[in-house]
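S.K.: Generate a structure from the sequence data that follows.
(one chain, ligands or ions: 1)
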Amino acid sequence: MPVSAITLKNVYYSFDSIFVLEDINLEIPERCYLGIIGPNGAGKTTLLRLILGIIKPHKGEVLIYGMRPQDYLKSQTIGYLPQRISQTIYEFPITVEELVKSGYERIKKHHIDWALDVFKISHLKKKSLRELSGGQRQKAFLARAIALQPKILLLDEPTTYIDPYSMDEVFQILEDLNQNFGITIVVVTHDIATFAHEVNCIMCLNRKVVCLGEPQRILKDEYMKMLYPEQAVFLHRDV
Ligand SMILES: Nc1ncnc2c1ncn2[C@@H]1O[C@H](COP(=O)(O)OP(=O)(O)OP(=O)(O)O)[C@@H](O)[C@H]1O
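M.R.: Next up is the predicted model:
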């Protein structure tokens, strides 16, 4: 039986007494590459923050390899690329290398070098973030997310700022991290059509789990209509 990397059981979360997530039940097996899609405000980022233990469910439980996130994080890490990165970080003269090790007290140099190498930005390591393009910066943040060699990687809109050529490169790297390094990846995205070719499972979220399954099955009009009922035009893609 596959090991469950992330489990959510009957999870509820509310802001100001309004539930933004309701009765979420989810098992993400180890080595899964899951895409989470859903309209604005569907609760996608909130779900990632629950998995990270930044916030706690108001009802139900979140387990990482059978442990509460705060217990798991005592000995392990979860890689995370947040959706919104504070612009103020660019005002400090921080280099790519410094960014990758920031917040990690005992990180080893070869881990930093490995992460920079994975995202093909070793040549930029002494450059200030201010000198980089948006895509190069995003790769620097992705490198930081994997620097501690986590078993789980959570990415919130990772392809923002990345041009189509570099996007293929990033997809290749993520696939390699998933297949060859065995990292479980959860990616939140609005770029459904592109990601459908990358992930092996898609979850549609809109406060509740609307549907979950293989991309070929999920990207059918019937499910998209359930997820985006206001939209007049739906995706027609062969995946
Ligand atoms: N700190 C907060 N205080 C109050 N409400 C919040 C807070 N953070 C999020 N919300 C609300 O919770 C709901 C879910 O937000 P969340 O950011 O998880 O959605 P999302 O699916 O990631 O959206 P998007 O695709 O726009 O990034 C939204 O209605 C949002 O307004």
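S.K.: Give me the buried positions along stretch 49-69.
M.R.: 49-53, 57, 60, 62-65, 69 (16 or more other CB atoms under 10 Å). (Each C-beta comes from the backbone N, C-alpha and C, glycine too.)
S.K.: Going by distance to T194, which of those wins?
M.R.: Ranked by distance to T194 (CB to CB), the buried residues of stretch 49-69 are led by I51 at 23.1 Å.
S.K.: The ligand versus that closest one, what's the distance?
M.R.: 12 Å (CB to the nearest ligand atom, to the nearest Å).
S.K.: dump the residue contacts of the nearest residue to K59 once chain neighbours are set aside.
M.R.: Counting by CB to CB, 6 or more residues apart in numbering, K59 lies nearest to Y12, which is 3.9 Å off, once chain neighbours are set aside. The neighbours of Y12, taking CB atoms under 8 Å, 6 or more residues apart in numbering as the test, are 19, 21-24, 57-60.
S.K.: Next, V20: secondary structure please.
M.R.: Using DSSP: H, G, I helix; E, B strand; the rest coil, the structure places V20 in strand.
S.K.: per-residue pLDDT, the residue nearest to it when sequence neighbours are not counted?
M.R.: Using CB to CB, 6+ apart and skipping the chain neighbours, the partner closest in space to V20 is G43 (4.6 Å). pLDDT, G43: 96.
S.K.: Angles on the backbone of the nearest residue to P2 once chain neighbours are set aside, please.
M.R.: Distances taken as CB to CB, 6+ apart place P29 nearest to P2, at 3.9 Å, with adjacent residues excluded. Note on P29: backbone dihedrals following degrees, to the nearest 10 are phi -70, psi 150.
S.K.: gap between P29 and the ligand?
M.R.: 23 Å.
S.K.: Was I right to think that residue contacts T7?
M.R.: No. If you go by CB atoms under 8 Å, P29 and T7 don't touch, sitting 9.9 Å apart.
S.K.: How about the contacts made by the spatially most central residue of the chain?
M.R.: When CA atoms, centre = their mean is applied to the chain, the residue found nearest the centroid is L155 (1.8 Å). Residues near L155 by CB under 8 Å, 6+ apart: 80-81, 142, 145, 174, 185-188.
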